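[1] take a look and give me a structure for this.
(chains A, B, C and D, ligands or ions: 4)
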Amino acid sequence: GKGESGAAAPGGGKTIMGFSQVGAESGWRTANTKSVQEAAKAAGIELKFSDAQQKQENQIKAIRSYIQQKVDVIAFSPVVESGWDTVLKEAKNANIPVILTDRAVDSTDKTLYKTFLGSDFVEEGRKAGKWLTEESKSEAGPVNIVELQGTTGSAPANDRKAGFAEVIGSDPKFKVVASQTGDFTRAKGKEVMEAFLKSTPDIDVLYAHNDDMALGAIEAIEGAGKVPGKDIKIISVDAVKDGMQALADGKISYIVECSPLLGPQLMDLTKKVLAKEEVPARVVTEETTFTQEQAKKVLASRQY
Amino acid sequence: MNRRLLWPAVVLALLLLLNLFFTPGFLSIEVKDGHFYGSLIDILRFGAPLVLVSLGMTLVIATGGIDLSVGSVVAISGALACLAISQGTGVLAAVALAVAVALVLGAFNGFLVAVIGIQPIVATLILMVAGRGLAQLITDGQIITVTDAGFKVIGGGYLFMLPFGILLALVVLAATVFLTRRLALGLLIESVGGNAEASRLAGLRSRGILITVYAFAALCAGIAGVMVASNVSSADGNNAGLWIELDAILAVVIGGTLLTGGRFSLGGTVLGALVIQTLTTTIYSIGVPPETTLLFKALVVAAVCLLQSAAFRARAFPRRERPVTQPVQDTTEVAR
Amino acid sequence: MTSAAPILQLTGIGKQFPGVTALDDVDLRVLPGEVHALMGENGAGKSTLIKVLTGVHPADSGTILLDGREVSFASPLEAQNAGISTVYQEVNLCPNLSVAENILLGREPRRFGRIQWKPMRRRAAERLAALDLDLDVTAPLSQYSLAIQQMVAIARALEVQARVLVLDEPTSSLDTGEVEQLFKVMRNLKDQGVAILFVSHFLDQVYEIADRMTILRNGRREGDYPTGELGQVELIAKMIGRDLAELERLEERPPARTTGTLLQADQLGRTGGIEPFSLTIREGEVVGLAGLLGSGRTEVARLLFGADHATGGSVTIDGTPVSLRTPQIAMTHKIAFCPEDRKADGLIPDLTVRENVVLALQARRGWTRPLPREQQAQLVDRYIKALKISPADPEQLVRNLSGGNQQKVLLARWLILEPRLLILDEPTRGIDVGAKAEIQRLVAELSDGGMAVLFISAELEEVLRLSHKVGVLRDRKLIAELPNDDTLTTEVLMQTIASGGRS
Amino acid sequence: MTALTGAVVPRKYLPVLVTAGLFVAMFIAGGARYEGFFSTQVVLNVFIDNAFLLVVAVGMTFVILTGGIDLSVGSVVALATMVAAVLLNAGWPPLAVIVVVLLIGAGLGLGMGCMIHFFEIQPFIATLAGMFLARGLCYTIGTDSIPITDPAFTAAAQTQIGLGGGLWISPSVLIAVAVVAIAAYVLHQTRFGRTVYATGGNEQSARLMGLPVARTKLGVYTISGFCSALGGLLLAFYMLSGYGLHAVGLELDAIAAVVIGGTLLTGGSGFLIGTVLGVLILGLIQTVISFQGTLSSWWTKIFVGLLLGVFILLQRVITTRKK
Ligand SMILES: Nc1ncnc2c1ncn2[C@@H]1O[C@H](COP(=O)(O)OP(=O)(O)OP(=O)(O)O)[C@@H](O)[C@H]1O
Ligand SMILES: Nc1ncnc2c1ncn2[C@@H]1O[C@H](COP(=O)(O)OP(=O)(O)OP(=O)(O)O)[C@@H](O)[C@H]1O
Ligand SMILES: [Mg+2]
Ligand SMILES: [Mg+2]
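    Ligands and ions are numbered 1, 2, ... in the order given. Presented below is the predicted three-dimensional model:
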């Protein structure tokens, strides 16, 4: 049965979780959704799922409706950081605990949610930058970088750009000669890269905010008669299967992982929260980075 | 050339010049790996899907309708083709399947508009929303990557040294011109769009014409979808063809076709699509930062419209142009 | 007539459209308290002159004096505010609004900005009553036939306390009674000192109501004359620039050389439209339909063409039963229908003359079999000549044609189909004398050649002159079918209508 | 001559009645299927969640009634949230912020109206340029989401106006309802409103009838811009943030709501109450989806499309059958 009001004891029937997903804008997101769904099933938690189709107002509506339906716990991946206070207060008033996944919210009132589980996009950008500084330590000349940004205004795009810029900014030899949005898609990645290749003669490094754009760009680079990974080094973020394949094939030089597989961790946290155990305010997903050699090793065992 | 098309052409030329200023070699075309290579070729190649979708959209708009679902159809057909190929179907059969399904979806739109009598914008909104979901259902929300070399040709390959996509768009353009201007479809479409009741009383089968037109629009979108998928060797149900309907409508309008229906100009549409694609490429090439991209776009779109407007020209350049009181429509068209 | 100062004085008006000089150095003087007729062939520039006067089009040259002061209106609104009220040639009202709103919008009674609906309806009804019309003023205008819409437009113009009233062909689809009513109102206004500018192709009406007339030919002024000093024959000569020997009245119609029954309607009807009627049309026969405004003539025509669905009854053609559900089916039985409202039901304004003319023929062939260009050119040329469509340019957009010429284009569309039954609903609406005679002759010729014609006209003489047989309608019911012999006159027809067929 | 009477007045309200009937039917069906659905608060929540859309759709109704279209509304909404957030953070008093935002919206609308009227540019593309412009302005202000912490805005966001029986609405709902009421009054009881209908019925005729078409067209786009800005403020109340990616695609929702409500895109025919129903229907579809709660992302879209399709189909079929 449904919990009366407030946090139902896990023993008093099946736990119901309301999960509000941002959307299904990418394969990464879909893998994320799947992971949550599968983990919920495995953990015996009944999942109410809703897809906000990239709209914050839809997510707020969904959360309201979860409150209305008196679920036991609410989890969601915020579309953006701001603007959640009102609905989170409603949840708090209804005694429903909230867990954030994948992205944070900027509420000053930290009691509005129990914990935040997810990646740190700025850190991802930093990791990409660090590898590049390491890699080009020996090089003297200017290193010309082109950047394929994610959807303008979106949090991963903003943060991955910021983290990367923060690291390479300390060394004047790195120059971002062109930076444009590729909307996180392969087609746009290819199209933008084609234009870069013509307008910017010297490109040493490509930094793509996700694998898909990098994969599109690889086609463009090959079309221009250059060798991706050699003539132009490519760094990207995500580590989806196709990306890992390209990394293993030597076309991509380095990938910063951004794991969508938050499901099991989320369910663990949920159980702890419902059992009123202490949970840390911030749980960073276990993420790593891959070089070409590492990719070859783990390729076979990748799940997504 | 049609006078209305003069100004979009001028804007196109200006954009190209702007590029030339920033990228000196912009207009040059070289031969690389046995085929043409250069920015102009790129514009045509990436513009080909938009040209295709816009051609279909032109006919729909000429009947006084609008088709919001083309973007979803692009995604569905690309997804179907890739799914079929990844499951071992031959390229031709897979493409045929994708295009056939697109055709059926278009006929469904046409049915809603012509037989049930639903306003086009909501009728096609249904497929716009549901279709995107269908595409994701087909791809399971993932990106389906295919490695078939034959499939690659459609959007990324070459024939006679030219990208295959450009040739394909040219073929469809020629077919459309033939159907509408050599055969009498164009007259009947313009008639239905100009005055539906009068057309009915003149004995036109407007239902049949409407269904044909919506099916054709979806067919074009279907081909474009295959082309888009082939270009990146993968189907992206989430993002393929996203917002292409807006670009297509914009292309049609820049091409001088009125959204109220009636007269249409295929040449204008192609020009409009090229203006839009050139604008996109320009933004990438001259390094407009992503945050100001839309401002730049707004500027160019407003400039095209204003230049096209006789009323504006009369005010802006009072001495060179005679004041025109009513929108003067040109009756001559090249392909007619 | 007082020799008062003109209230309206136009001097040297010129107006060019791309490729056409519509007006060239035209002068016009209208005195207060007179009805001034503006005469000319189709395309002479009458409507253009009116539009220039009332601020629809800016003039290219010339001056306009109103009450001795120079004016130049940027919009009809300004002209209206200056005291010029206009009924334009085509009905220019909003079909989606109620009759009351169409009459009063812009001048509706208001309190604190809020429309007073009750007084508004009352006033609208009063205005219509002055024209002897009793309508539901809350119903949308689109419910009413073209003729009634024309009356509503007149009522709107009369609503303004205007000093100058401009009427561009207000009577083109009105029947005699309505015209009389309008004239009564016009005389009344005249007595109050209102100047009226009046356009009509009905010479009798002009001679009845007008004090003076200005004649236009090809956009130039031919002169102005007091009505009494210019006979009809001279007037026509001045209008068309040559003597019109051809305009002698059509001789009596020879009896139809009927060979057999073409179409037979049996208790055909449509609920809410027309009561069941039976009608036989023979080959080579011209059947006229007479009746008052809204009597249901158009309804009969539409049912026979399949433009509306019949709710009962049957039709046989050549003895075989047919179901005329759609215009296409009617067309396969070689029936053609030229509708009365050319703007709404007839023309595609954005297409050219050529395209409008070949449209029905092309529709019949289907889109896969285009009509070859040479054949199109030939056909269109023939009818441009036969009907004297001007400008004689097949590539001109129909929207740029004058009203009468548009009507001719519509006629041409159906004539090239060479139908067996041609239904003409007010085909001579807004057509000048010369062309009208031409069309009448054409109808006579066609029927002599074996074509059956169903002829609807608000002008009873015209119906009588052409038909072999006249169907009389009243209150949407066919009340009598009279053979057109020597005894049938307009008086008899009027009487039949008045008595409701129970003579 | 007899007057046509009867059956005329109800007929023009038929589409609205049918739409209302279908809405109720959908609500009942939802109630039968989902626990906790059949409650007044669910309907109130639809209002609470869609207050901003309602206001935007009201503006859109004016535009569509004249036969035009306004694609810029979504972007103007986003711009309004953005400007509000930035100004509030700069320490402006909330009232001044509200006035400035509304002026910006109305000004943008007026600008597009001028392009459309004076330069005879098709509404679709003039407002598309406006859409790019407003969205572009958002990004130039900033690409991040900016939180709003102003106490007045927060209060507007979090106040719950009790209706008794545990039911509540937000202040935004009151504002939206007031906007609807004023707009309905203007459309049906004032000369301006009737001129809006006349312009949509036949612009050329309206001009020849001596109606102030120019002023009316400028007016409707200004109203639409104003409503978008007001909708943006309501969204700012709702989200307490300003963000350039807010309200992407909102223009389609607004247009859909208006058209589903029975207003003809060609202009001249439709009622404001239809628009309200249209918004409620879109909102109710969302609610059904969230109560369903088992749909994957793509099935959500397919389901929304299907519901929309079934709804429009029924609406159309019933309306034509009754005629
Ligand atoms: N908007 C326009 N564009 C181009 N030509 C036009 C336009 N309006 C009118 N004309 C042309 O101007 C001439 C005068 O037309 P006008 O309508 O004034 O004739 P009219 O005397 O009123 O004829 P009718 O008796 O048939 O109504 C015609 O040759 C017509 O084709
Ligand atoms: N006085 C009236 N009152 C109400 N409705 C009318 C009136 N006159 C006409 N109508 C409507 O207009 C139509 C009249 O029929 P129809 O158009 O066939 O008449 P008509 O004889 O051709 O007259 P008209 O000279 O007006 O064209 C009917 O459908 C009717 O609903
Ligand atoms: Mg005229
Ligand atoms: Mg009639």
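[2] where do the helices of the stretch 151-300 of chain B begin and end?
    B:164-177, B:185-194, B:196-201, B:206-231, B:244-254, B:266-285, B:293-308 (DSSP state H, counting those that start in this stretch).
[3] run through who's touching the last one.
    With contacts defined as C-beta atoms under 8 Å, 6 or more residues apart in numbering or on different chains, helix B:293-308 is touched by A:152, A:181, B:4, B:7-8, B:10-11, B:15, B:250, B:254, B:256, B:275, B:279, B:283, B:288, B:312-313, B:316, D:115, D:119, D:121-122, D:125-126, D:128-133, D:135-137, D:139-140. No exception for glycine: its C-beta is placed from N, CA and C like everyone else's.
[4] check the shortest one too.
    Under the criterion C-beta under 8 Å, 6+ apart, residues B:64, B:188, B:191-192, B:206, C:305, C:307, C:327, C:337, C:339, C:344-348, C:359, C:363 lie in contact with helix B:196-201.
[5] any residue of stretch D:108-117 up close to chain B?
    Yes - Stretch D:108-117 lies within reach of chain B by C-beta under 8 Å from any C-beta of the partner chain, at residue D:115.
[6] pLDDT of that stretch, averaged?
    Average pLDDT, stretch D:108-117: 95.
[7] please enumerate residues in contact with it?
    With C-beta under 8 Å, 6+ apart as the test, stretch D:108-117 has contacts from B:302, B:305-306, D:68, D:70, D:72, D:76, D:79, D:121-123, D:126-127, D:129-130, D:133-134, D:214, D:217-226, D:228.
[8] would you map the strands across the stretch 1-150 of chain D?
    Assigned by DSSP state E, counting those that start in this stretch, the stretch 1-150 of chain D shows strands spanning D:146-147.
[9] how many neighbours does the residue of it found nearest ligand 1 have?
    Residue nearest to ligand 1 within the stretch 1-150 of chain D: residue D:120 (14.8 Å; C-beta to the nearest ligand atom). Neighbour count for residue D:120, taken as other C-beta atoms under 10 Å in any protein chain shown: 17.
[10] tell me if I'm right that it and residue B:309 touch.
    Yes - counting by C-beta atoms under 8 Å, residue B:309 is a contact partner of residue D:120 at 5.5 Å.
[11] okay, and the common contacts of the two?
    Counting by C-beta under 8 Å, 6+ apart, residue D:120 and residue B:309 have no contacts in common.
[12] follow-up on the earlier one: so of the contacts of helix B:196-201, which ones are in helices?
    The helices, defined by DSSP state H, take in B:188, B:191, B:192, B:206, C:305, C:327, C:359, C:363 from the contacts of helix B:196-201.
[13] residue A:117 - how many residues pack around it?
    Per other C-beta under 10 Å, the neighbour tally for residue A:117 reads 23.
[14] name the helices or strands packed onto the helix or strand harbouring it?
    Per DSSP states H and E: residue A:117 is located in strand A:115-118. The contact analysis (3 or more C-beta pairs under 8 Å, 6 or more residues apart in numbering or on different chains; DSSP states H and E) places strand A:115-118 against strand A:98-101, helix A:263-274, strand A:282-284.
[15] tabulate these in JSON lines, adding columns for mean neighbour count and distance to chain C.
    Shown next, in JSON lines, are the helices and strands packed on strand A:115-118 (neighbours: other C-beta atoms under 10 Å in any protein chain shown; distance: least, C-beta to the nearest C-beta, whole Å):
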{"stretch": "strand A:98-101", "mean neighbour count": "24", "distance to chain C": "51"}
{"stretch": "helix A:263-274", "mean neighbour count": "21", "distance to chain C": "57"}
{"stretch": "strand A:282-284", "mean neighbour count": "15", "distance to chain C": "60"}
